[in-house]
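Visitor: dropping the sequence and predicted coords here.
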Amino acid sequence: MIEKEQIRSFIFKNFMFNDNSRVLKDNESFLNSGIIDSTGVLELVSFVEETFNIQVNDDELIPENLDSVIQLVQFIQNKKK
Amino acid sequence: MSFDAKQVADELAAWTRNQIIHTLKKRGAVIGISGGIDSSVVAAICVRAIGAERVTGIAMPEKDSSPESLKMARELADKLNIEMVVEDMTTGLEGMGAYRRRDEAVKKVFPEYQPGWDFKITLQSNPLLGDSLNIFRGTVADKKGLVLQKRLPLKEYLQIVAASNMKQRLRMTMLYYHAELRNYVVAGTGNKNEHELGFFVKYGDGGSDLGPILHLYKTNIFQLAEELDIPRDIISRPPTTDTYPGEVTQEEFFYRLPFATLDSIWEAFEDGISVQHIAQNLNLKQEQVQRVITDISQKKQNTEYLRLPPLRVR
């Protein structure tokens, strides 16, 4: 799954500074684990819009869509349908 | 919430007096008086602590400030019988490019935007209504009623905030000028909501020598204001940021809930009361209470760096 690897790579590089000591689970909440804060959400949304060429609407800015690798992958795939 | 305002006011006055005289070893206090309830309460506590003759209120309007703010600051100074100094910050902020840098970013988001229009940023989420993320929206409005709203992209959001924060940081500089001039302390006006949820500017309004109300919920501040006989106009005025050219309440900008609801949930949660009981007591659904608690936790976690002093090697 290309989306999943691109997302993992972005999170790992941008928010975790390639910290190999930290394991990022696909279902781990970005917000609850402190990986991403509210400014980080804006970075994430910009990344998703630019990389996958989709527009994230305001009513889609909910944790259910954006708060873990798995949720993001599902959200992007649904948007591309 | 049980809160004995008279007892707390007396305790805070004694604490403030002790800190100024014995810990900080200064001769009085300056307070940035904004015409809002927090700074009014702190000024009144300082007067009770050390006497009106040792307290100076500094009003620091700039071109985006509501004229009401200065009027109410004057009303407070007259009521407390304290010295008041007015320092217009506009020229200093222009020199630093605060308005230019902010407007440049606003114009990238809203090409129609012209200086003189209202502009404000607000959070769009409300944890009582559903799961959401704390994302800021920008709103611009001309004088004829045209209103435009958009989500702020990262780069422009950061520039708007960084430029706007110059206001609080320049005010802090001015407060310390007046404090050092008189050998006084700077008394901070932040409350628990602002401090713990991160609604302040580090080394801006967060920069002070002591914080007499840092541990108190906003609802407690309203109770203290009654006890301290703060002018009615100030108590009944909705708390605003008074930072952007468009009027924006603190509830719209950041908290997203009425203070009474936010503080009741927060205090009950800190007292170890279950979500189920909190929901019952406040006539809310459990999931609503849980979302508010999660929002509080995430705001605290996201803003921890604001409360940290410079980190040092140990």
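Guide: Ah, there it is. Numbering: from 1, shown residues only, chains lettered A, B, ... in the order given.
Visitor: buried ones in stretch B:35-52?
Guide: Buried positions in stretch B:35-52, judged by neighbour count with 16 or more other C-beta atoms under 10 Å in any protein chain shown: B:35-50, B:52. Glycine gets a C-beta too; all of them are placed from N, C-alpha and C.
Visitor: quick one: which of those sit in helices?
Guide: B:37-50 (DSSP state H).
Visitor: give me the pLDDT for the residue in the stretch 1-150 of chain B positioned nearest to chain A.
Guide: Among residues of the stretch 1-150 of chain B, the one nearest chain A by C-beta to the nearest C-beta turns out to be residue B:134. It sits 4.3 Å away. pLDDT recorded at residue B:134 is 79.
Visitor: could you check how far residue A:14 is from chain B?
Guide: From residue A:14 across to chain B, the span is 11 Å (C-beta to the nearest C-beta, to the nearest Å).
Visitor: now do the contacts for the residue nearest to that residue when sequence neighbours are not counted.
Guide: Leaving out its chain neighbours, the residue that sits closest to residue A:14 by C-beta to C-beta, 6 or more residues apart in numbering or on different chains is residue A:43, at 6.6 Å. Neighbouring residues of residue A:43 by C-beta atoms under 8 Å, 6 or more residues apart in numbering or on different chains: A:14, A:36, B:154.
Visitor: for residue 18, which three-state class applies?
Guide: In the absence of a named chain, chain A is used. coil (DSSP: H, G, I helix; E, B strand; the rest coil).
Visitor: which stretches of the chain form strands?
Guide: Picked chain A for this. With DSSP state E as the criterion, chain A has no strands.
Visitor: I was thinking of chain B, sorry if that wasn't clear
Guide: B:29-32, B:55-59, B:83-86, B:118-123, B:136-141, B:147-151, B:185-186.
Visitor: return the most buried member of the ones you listed.
Guide: Most buried of those by mean neighbour count (mean count of other C-beta atoms under 10 Å in any protein chain shown) is strand B:29-32; its value is a mean of 30.
Visitor: can you tell me which residues in chain A are near chain B?
Guide: A:31-32, A:34, A:37-39, A:41-43, A:45-46, A:58, A:61-64, A:66 (C-beta under 8 Å from any C-beta of the partner chain).
Visitor: 7 Å instead?
Guide: A:31, A:34, A:37-38, A:41-43, A:46, A:58, A:61-64, A:66 (C-beta under 7 Å from any C-beta of the partner chain).
Visitor: hey, which helix is longest across chain B?
Guide: Longest helix in chain B, counting residues (DSSP H): helix B:154-182.
Visitor: for that one, the distance to its chain's centre please.
Guide: 13 Å (C-alpha atoms, centre = their mean, to the nearest Å).
Visitor: go on, stretch B:90-101?
Guide: In this view, stretch B:90-101 has its centroid 21 Å away from the chain centroid, taken as C-alpha atoms, centre = their mean.
Visitor: for it, how far is the first residue from the last?
Guide: One end of stretch B:90-101 sits 14 Å from the other (C-alpha to C-alpha, to the nearest Å).
Visitor: not counting sequence-adjacent ones, nearest residue to residue A:40?
Guide: Of all residues not flanking residue A:40 in the chain, residue A:15 sits nearest, at 6.0 Å (C-beta to C-beta, 6+ apart).
Visitor: ok, that neighbour to chain B distance?
Guide: For residue A:15 relative to chain B (C-beta to the nearest C-beta), the value is 13 Å.
Visitor: chain B: helices as residue ranges?
Guide: Remark: helices assigned in chain B by DSSP H are B:5-18, B:37-50, B:67-80, B:90-96, B:98-109, B:154-182, B:192-197, B:218-227, B:232-236, B:250, B:259-270, B:275-282, B:286-302, B:304-307.
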